[in-house]
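In: what follows is a predicted structure for the sequence shown.
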Amino acid sequence: MKKLPLGIQNFREIVENDFVYIDKTEYIYNLINDAKYYFLSRPRRFGKSLLLDTIAEAFGGDRELFKGLWIYDSDYGFEKHPVIRLDMNKISNETSEVLKTSLRNNLRIRIDAEGLNIPDGYPSDVFYQLIACLHEKYGKKVVVLIDEYDKPILDHLTNINTADANRRILKGFYGILKPMDPHLKFSMLTGVSKFGKTSVFSELNNLKDITMARDYSAICGIPVDGFERHFGEHISCLADLEDFEGYGSVNEEILSWYDGYSWDGKTRVINPFSLLSFFGMKEFSNYWYASGTPKFLIDMIKGRQIGFTDLNNVKITELMLNSADLERLEIEPLLFQSGYLTVKEVIRGRGSPVYICGIPNNEVKEAFNLNIMAAMTESGDVRTEQARFVIRDALVNGDLPLMLDMLRGLFASIPYQLHVKLEAYYHSIFIAVMNVLGFNVMAEVSVSGGMVDAVLEFDDKVYVVEFKYVGCDPRAGPDEKRSLFNKALDEGMRQIKDKGYHKRYIGSVKNIYLAAFAFLGRDEIDMSLEVI
């Protein structure tokens, strides 16, 4: 049984030590023979670094290292070229001055190792000279591979001045690759996001972006169609354990947790970090999400202050993906590029493709919503976890008054500066709570009479939910508040009944719960309930 290469991004180490390796060399062959400058966006810990290391080895000239892989029996000549590798994870970026110094120091290591006479200067100038000198020294064109190109920007998205200062440095640094064309054999930049032509890549406008290319949809990640072939023995070992006896199919459960990623709407790949972590720990958990949730995403969602009720039918276009600028960042493309949304379907017509996106799997769905709930209420992870168990039991047992008490506690923890006096805000937190609990919650469901705010279905019951927010003077007394509550609850219940939101479930074996929630403020919540 082959060993699992968890955390190993070195191709040579994986091959020589008999670790599992998913052969990506046919993609590499096609890249080398198709174009010269590439860009690839994929989520963190999705195999980008290993891909670049494999490309570096392909240009290293050691053909025997690839024995047994696709490229070994191809017509690829394994001609050796000098390779420059830059991993921006290893470059300090606290300020633009720190970034410049760190870039120079990183290049200096290679310059000294090669015995080259290149004086210190602006990072882009040093980079330029390093490429030219390596070409001259070896008589072979240079390969440049840059990993996580955008990290010095993403690390500072909540501090626009630092992010922009770093962007300017990187714009010039990467931009020298275009005039260095006579010295370059191949170049590739990878990262999470793609900043538009007026941002980072305006001077490097000859990149071929293969992020959404159908031919390269599985260039990173573990293809589902080869899952059992590569990990069959590991799956069999798990299936024999007592902890996994309750699962009808270990395979299906693994896929429901860690599969679901696609960049063309057809080819599905599994998150490699999560899958390898699962096999190592022998327990379903949120490995990828827990390994480092980008803080900027949570901060952007909190600052946006509008509802996040449904992330299962988000439409993203090529224009949205290509126009990301620091001054006009949109959350949906960043959620997609960061791995929290994935392509479910591609609609192609005369214009640019439209990508219908949704949450990829159980891991992301559970962990992301839990984090959103904790962040928007600032109730803390422990309290949020406690709330989820109480609310789960309340819904399963039909005890909505118990759930109401817990919701009041969650909403009371919302800081005044985060509280938003909009129905959509309460709606989004409610949906996040239900998603965290793993319930089959449908938001803004279209029925013949209109649009239902939320529907939760169980085997024996269904909840039809309507939300109402009413502005209330903080100085209002109990009687005035009670009057506002009664009016809002009556309106919500009447809307459910008059528009027949529940009629589709009449005649089924399910108990039908009609629930109207009214919000006057952070912890000013009440509920009206009827059971049919």
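Out: Looks like it came in fine. Just so it is clear, the structure is predicted and the values come from calculations on it, not from any experiment.
In: once you drop chain neighbours, what's closest to the residue nearest the centre of the chain?
Out: Nearest residue to the geometric centre of the chain (CA atoms, centre = their mean): Gly339, 1.9 Å. In space, and not counting its chain neighbours, Gly339 is closest to Pro43: 2.9 Å by CB to CB, 6 or more residues apart in numbering. Yep, even glycine has a C-beta here, placed from its N, CA and C like the rest.
In: I figured the one you found hits Gln337, correct?
Out: Yes. Under the criterion of CB atoms under 8 Å, Pro43 makes contact with Gln337 at 7.2 Å.
In: how close does the residue nearest to the centre of the chain sit to Arg63?
Out: Here the distance between Gly339 and Arg63 works out to 35 Å (CB to CB, to the nearest Å).
In: same thing with Asp155?
Out: Counting by CB to CB, the gap from Asp155 to Arg63 is 39 Å.
In: who has more neighbours out of those two?
Out: Ranked by neighbour count (other CB atoms under 10 Å), Asp155 and Arg63 place Asp155 first, with 18 against 13.
In: check which helix or strand covers Leu335.
Out: With elements taken from DSSP states H and E, the one containing Leu335 is helix 331-338.
In: repeat for Glu345
Out: strand 342-347.
In: and the contacts of that strand?
Out: Applying CB atoms under 8 Å, 6 or more residues apart in numbering, the external contacts of strand 342-347 come out as 260-266, 312, 336, 353-360.
In: of these, which belong to helices?
Out: Phe336 (DSSP state H).
In: just the buried residues of the contacts of strand 342-347.
Out: 260-265, 336, 354-360 (16 or more other CB atoms under 10 Å).
In: pLDDT on stretch 11-18, on average?
Out: Taken as a whole, stretch 11-18 has an average pLDDT of 97.
In: those strands in the stretch 201-350 of the chain, which residues are they?
Out: For the stretch 201-350 of the chain, the strands defined by DSSP state E, counting those that start in this stretch occupy 208-209, 222-223, 269-270, 314-317, 342-347.
In: how about the buried ones among the contacts of strand 342-347 in JSON lines, adding distance to Leu103?
Out: Compiled in JSON lines, these are given as follows (distance: CB to CB, whole Å):
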{"residue": "Gly260", "distance to Leu103": "37"}
{"residue": "Tyr261", "distance to Leu103": "32"}
{"residue": "Ser262", "distance to Leu103": "35"}
{"residue": "Trp263", "distance to Leu103": "30"}
{"residue": "Asp264", "distance to Leu103": "35"}
{"residue": "Gly265", "distance to Leu103": "38"}
{"residue": "Phe336", "distance to Leu103": "29"}
{"residue": "Val354", "distance to Leu103": "38"}
{"residue": "Tyr355", "distance to Leu103": "34"}
{"residue": "Ile356", "distance to Leu103": "40"}
{"residue": "Cys357", "distance to Leu103": "35"}
{"residue": "Gly358", "distance to Leu103": "38"}
{"residue": "Ile359", "distance to Leu103": "37"}
{"residue": "Pro360", "distance to Leu103": "34"}
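In: tell me the domain ranges of the protein?
Out: 11-216, 378-531 (automatic domain parsing).
In: where among these is average confidence lowest?
Out: Among those, domain 378-531 carries the lowest mean pLDDT (a mean of 80).
In: next one: that one to chain centre, how far?
Out: Remark: domain 378-531 is offset 28 Å from the chain centroid, using CA atoms, centre = their mean, to the nearest Å.
In: what about Asn362, neighbour count?
Out: Neighbours around Asn362, by other CB under 10 Å: 18.
In: list the buried residues for stretch 466-481?
Out: Those would be Glu466, Phe467, Lys468, Tyr469, Val470, Cys472, Lys481, for stretch 466-481 by 16+ other CB under 10 Å.
In: so which of those residues belong to strands?
Out: Within these, residues falling in strands by DSSP state E are Glu466, Phe467, Lys468, Tyr469.
In: hang on, the earlier thing: do you know which of the domains of the chain lies nearest Leu4?
Out: domain 11-216 (6.0 Å; CB to CB).
In: helix, strand, or coil at the spatially closest residue to Ile111 that is not a sequence neighbour?
Out: Once flanking residues are discounted, Ile111 sits nearest to Ile118: 5.1 Å by CB to CB, 6+ apart. For Ile118, the assignment made with DSSP: H, G, I helix; E, B strand; the rest coil gives coil.
In: need the contact list for Ile118.
Out: Counting by CB under 8 Å, 6+ apart, Ile118 has contacts Ile111, Val126, Gln129, Leu130, Cys133.
In: among those, which are in helices?
Out: Those of those lying in helices (DSSP H): Ile111, Val126, Gln129, Leu130, Cys133.
In: run through the bridge partners of Thr317.
Out: Following DSSP bridges, Thr317 is listed with bridge partners Val354.
In: what's the burial count for it?
Out: By other CB under 10 Å, 15 other residues sit near Thr317.
In: correct me if wrong: it contacts Gly349.
Out: No. Counting by CB under 8 Å, Thr317 stays clear of Gly349, with 11.6 Å between them.
In: from Arg42, how far off is Met277?
Out: I think there's a mix-up here, since residue 277 is Ser and not Met. Counting by CB to CB - Ser277 and Arg42 are separated by 18 Å.
In: just Ser256 next, same as before
Out: In terms of CB to CB, Ser256 sits 22 Å off from Arg42.
In: which of the two has more neighbours?
Out: Arg42 (22 against 14).
In: dump the residue contacts of the residue lying closest to the more buried one once chain neighbours are set aside.
Out: Excluding its sequence neighbours, the residue lying closest to Arg42 (CB to CB, 6+ apart) is Cys220, at 4.9 Å. Going by CB under 8 Å, 6+ apart, Cys220 touches Lys24, Leu40, Arg42, Phe46, Gly47, Lys48, Leu51, Val269, Pro272.
In: tell me which of those residues fall in helices.
Out: Applying DSSP H to the contacts of Cys220, the entries found in helices are Lys48, Leu51, Pro272.
In: just the element for the closest residue to the first one other than its chain neighbours, please.
Out: Okay, so that is Lys48. Closest residue to Lys48 apart from its sequence neighbours, by CB to CB, 6+ apart: Thr190 at 4.3 Å. Using DSSP H and E, Thr190 sits in strand 184-191.
In: so what strands line up beside that strand?
Out: Partners of strand 184-191 in its sheet, by DSSP bridges: strand 37-41 (parallel), strand 142-147 (parallel).
In: so which of the ones you listed comes closest to Phe485?
Out: Checking these against Phe485 by CB to CB gives strand 37-41 as the closest, at 48.5 Å.
In: going by contacts, tell me the helices and strands next to the helix or strand Phe430 falls within.
Out: Element membership for Phe430 (DSSP H and E) is helix 423-436. Helix 423-436 is packed against helix 362-377, helix 381-397, helix 400-412, strand 440-447, strand 450-457, strand 461-469, strand 511-519, with contacts defined by 3 or more CB pairs under 8 Å, 6 or more residues apart in numbering; DSSP states H and E.
In: of all the ones you listed, which lies closest to Leu99?
Out: Set against Leu99 and scored by CB to CB, the helices and strands packed on helix 423-436 come closest in helix 362-377, at 28.4 Å.
In: let me see the mean pLDDT of the closest one.
Out: Helix 362-377 comes out at a mean pLDDT of 73.
In: what's the burial count for Ile153?
Out: 26.
In: no, scratch that, I was asking about Glu345
Out: Neighbours of Glu345 (other CB under 10 Å): 14.
In: tell me how far it lies from Phe336.
Out: For Glu345, the distance to Phe336 - CB to CB - is 14 Å.
In: shared neighbours, those two?
Out: Tyr355.
In: highest neighbour count among the ones in helices among the contacts of Cys220?
Out: Leu51 (24 neighbours).
In: who are the contact partners of it?
Out: Counting by CB under 8 Å, 6+ apart, Leu51 touches Lys24, Ile28, Leu40, Thr190, Ile219, Cys220.
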